[in-house]
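Trainee: sequence and predicted structure are below.
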2 protein chains.
Amino acid sequence: MPQKVRIALDAMGGDVGPSVVVPGAAISLKRHPDSEFLMVGDSALIRAQLELHPALKAVSKVVHADIAISMEEKPSQALRRGRKSSSMWLAIDAVKKGEADVAISAGNTGALMAMARLNLRMLPGIDRPAITAVWPTLRGESIVLDVGASIGGDADHLVLLAIMGSAMARVLFDIERPTVGLLNIGVEEIKGVEAVRGAAEILRGMNLPQFDFIGFVEGDGIGKGAADVIVTEGFSGNIALKAAEGTARQIGEYLREAMSRTWRSKLGYLLARTSFKALRDKMDPGKVNGGVFLGLNGVVIKSHGGTDAEGFASAVDVGYDMVRYDLLTKINQTLNRDGQGLSIVPTAQEAVS
Amino acid sequence: MPQKVRIALDAMGGDVGPSVVVPGAAISLKRHPDSEFLMVGDSALIRAQLELHPALKAVSKVVHADIAISMEEKPSQALRRGRKSSSMWLAIDAVKKGEADVAISAGNTGALMAMARLNLRMLPGIDRPAITAVWPTLRGESIVLDVGASIGGDADHLVLLAIMGSAMARVLFDIERPTVGLLNIGVEEIKGVEAVRGAAEILRGMNLPQFDFIGFVEGDGIGKGAADVIVTEGFSGNIALKAAEGTARQIGEYLREAMSRTWRSKLGYLLARTSFKALRDKMDPGKVNGGVFLGLNGVVIKSHGGTDAEGFASAVDVGYDMVRYDLLTKINQTLNRDGQGLSIVPTAQEAVS
């Protein structure tokens, strides 16, 4: 048996805190019995929850923290108030100190990103962090990044996203050479996405063994599963994700209305109920939980704030996988092939000259 | 009875040409008997179709054109081959010459935009064109622009989009003071969308009688109907639209699968069939047909290339409305309030200083 996977949890993160975080960890532990936990937050609340989950209690340490970052705080406020003292900071700090392999929080995204960046710092050669989404597609799942950590970015930035995203795909989907596509728009006459076109040239030129660059993908290609990894800068990535989530919820509403309108449709709904439930579970990109922060010198996972225990468990599962299958090593291998360090820079200059 | 609405149709546009365009016009004519048509294209094919629709034939002129622009041609090729001679060009040219009030084509978007821009030119004060989408929402419909005509753009460009989009909303939805939101992403710490923040400042400062600026809207706010008009630059607008379309189709697939899996769900589907059909019709933002090109010195409507007669009719309806309720006058009124010309420029400078 290899070493245990040591998971630090910000127990106060999310809309409800320990009453979701602790049961969520218990669910994930059943799937991955080689996990152990460091739970940071109000120790009384955490211990009360742990009493209900003896198996989890047996593999958990509790670290008390007085301060919990709220969902409304701005990152700058959160840093002022909670640096070195909040449950969020201390969970990340456990990764920094080597006491945990991954930190997971359902708290305030901006604060989590700011603290992670300040405490763990970026990987050598990476300029800015990215957040990933795991997107349900007609072919399974794809990784989409960046869904909102950094706005804009040049061709090199997009290439770094491709490298990090493909490393994550190798870990999460267990594919040796995932396909990577660049999000673009299809209207031919358009000039102006220099960064996207430049990144395409660089990626074609690199022809790395770690992933297969397939070219451009349009917005409707994501749901088709056109590539295992879809790369775009954070503004359009966030807009794409939210627009898809909004559409899924909207259709859910329509469905509910349609099914309650006539006796025929009501009866139809009752008969097809199980299928409907399965449908709802897979239709919303927002429901796949566990956004990985990429580019940091450590693994940090963001869970949705409004998730339930099952959802939080899936974020813990993602964290487990990232550690067990060596996300950081895989990113670094691609970045530093041949031990030459970041080899994209000269190629990038060729491409734009 | 006011003057007739004179509609020029590129009869060769779209995947099938006259056999969709002519019946589509016939459907729209029933709804708007005060329309008349100029049909440009292969006159033999058009006349054959018109024989099947005597009421339409009575109000249609046919103009022969040898050249039809294909869906695959690049705008530059289309211009070289079809300038002054193609059905697409001649339909636009009828607007230019004052022989028609609006041109409608289901042809190649890039070519249509290039020809419209070259022939009609931009409205004074407008830098670049925009394409709108009419997006189904939980509250009805919203106008989203730009969905792909121009990439990027500064704060002033976004303000112009807000002005044009709100004029279109006044026409299409018959609302006196539509609400306008700027598409943005919610992550607090992000610096970098200067254009979006700058546009918000300008729009707040303008406080125009023609629309009500409500601030930022996230991607999932579009489907909720958070504002009558949602403004963003063309790259993210196109990504949002396509991502939503992709999600709608994906859920349609899931639904089909789910409904065919067990006898219970099959029976359920049969019972709820009518509701399902209604659902499908409204769930796809890509199905609302009739993208208006904004910013041109004339009204040009783009229909989907793969549409059927009913879909093309809805594009004709949009064209009719834009003329009947004076889109161009309404845009110009807002642009030139107090006869001062474009008054946003000084405000814009204040905002960025």
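Mentor: Nice, I can see it. Bear in mind the structure is a predicted one, so any value in this text is a computation, not a measurement.
Trainee: tell me the contacts of A:Leu203?
Mentor: A:Val159, A:Ala162, A:Val180, A:Leu182, A:Phe213 (C-beta atoms under 8 Å, 6 or more residues apart in numbering or on different chains). For every residue, glycine as well, the C-beta is placed using N, CA and C.
Trainee: which of those fall in helices?
Mentor: A:Val159, A:Ala162 (DSSP state H).
Trainee: show me the residue at the heart of chain A, geometrically.
Mentor: Residue closest to the average C-alpha location in chain A (C-alpha atoms, centre = their mean): A:Gly291, at 1.6 Å.
Trainee: mind listing the residues bridging to the residue lying closest to that one once chain neighbours are set aside?
Mentor: When the adjacent residues along the chain are set aside, A:Gly291 lies closest to A:Lys302, with 4.4 Å between them (C-beta to C-beta, 6 or more residues apart in numbering or on different chains). Counting by DSSP bridges, A:Lys302 forms beta bridges with A:Ser105, A:Gly291.
Trainee: report the separation between A:Lys302 and A:Gly110.
Mentor: For A:Lys302, the distance to A:Gly110 equals 10 Å [C-beta to C-beta, to the nearest Å].
Trainee: more crowded one of the two?
Mentor: A:Lys302 (26 against 23; other C-beta atoms under 10 Å in any protein chain shown).
Trainee: contact partners for the more buried one?
Mentor: Per C-beta under 8 Å, 6+ apart, neighbours of A:Lys302: A:Ile104, A:Ser105, A:Ala106, A:Thr109, A:Leu112, A:Ile131, A:Gly290, A:Gly291, A:Val292, A:Phe293, A:Ala315.
Trainee: so where is the stretch 151-300 of chain A shaky, pLDDT-wise?
Mentor: Scanning the stretch 151-300 of chain A for pLDDT under 70 picks out A:187-192, A:280-287.
Trainee: and if we set it to 50?
Mentor: A:189 (pLDDT under 50).
Trainee: which parts of it are strands?
Mentor: A:179-183, A:212-217, A:229-231, A:291-294, A:299-302 (DSSP state E, counting those that start in this stretch).
Trainee: centre of the chain to the top helix by length along chain A, how far?
Mentor: Longest helix in chain A by number of residues (criterion: DSSP H): helix A:234-259. Chain-centre distance of helix A:234-259: 19 Å, with C-alpha atoms, centre = their mean, to the nearest Å.
Trainee: what's the angle between it and strand B:179-183?
Mentor: Angle of helix A:234-259 versus strand B:179-183, following axes from the mean of the first three to the mean of the last three C-alpha atoms, to 10 degrees, is 130 degrees.
Trainee: go through helix A:234-259 and flag the buried ones.
Mentor: A:234-252, A:254-255, A:258-259 (16 or more other C-beta atoms under 10 Å in any protein chain shown).
Trainee: how about the helices in the stretch 101-250 of chain A?
Mentor: Here the stretch 101-250 of chain A has its helices, by DSSP state H, counting those that start in this stretch, at A:109-120, A:155-173, A:194-206, A:219-224, A:234-259.
Trainee: so which of the strands of the stretch 151-300 of chain A is nearest B:Glu51?
Mentor: Distance to B:Glu51, taken as C-beta to C-beta, is lowest for strand A:212-217 among these, at 44.3 Å.
Trainee: wait, A:Pro75 touches A:Gly110, no?
Mentor: Yes. Between A:Pro75 and A:Gly110 there is a contact under C-beta atoms under 8 Å: 4.2 Å.
Trainee: let me see the contact set for A:Gly225.
Mentor: The neighbourhood of A:Gly225, defined by C-beta under 8 Å, 6+ apart, consists of A:Thr137, A:Leu138, A:Arg139, A:Gly140, A:Ser142.
Trainee: kindly state the beta-bridge partners for the fourth one.
Mentor: According to DSSP bridges, A:Thr137 are recorded as the beta-bridge partners of A:Gly140.
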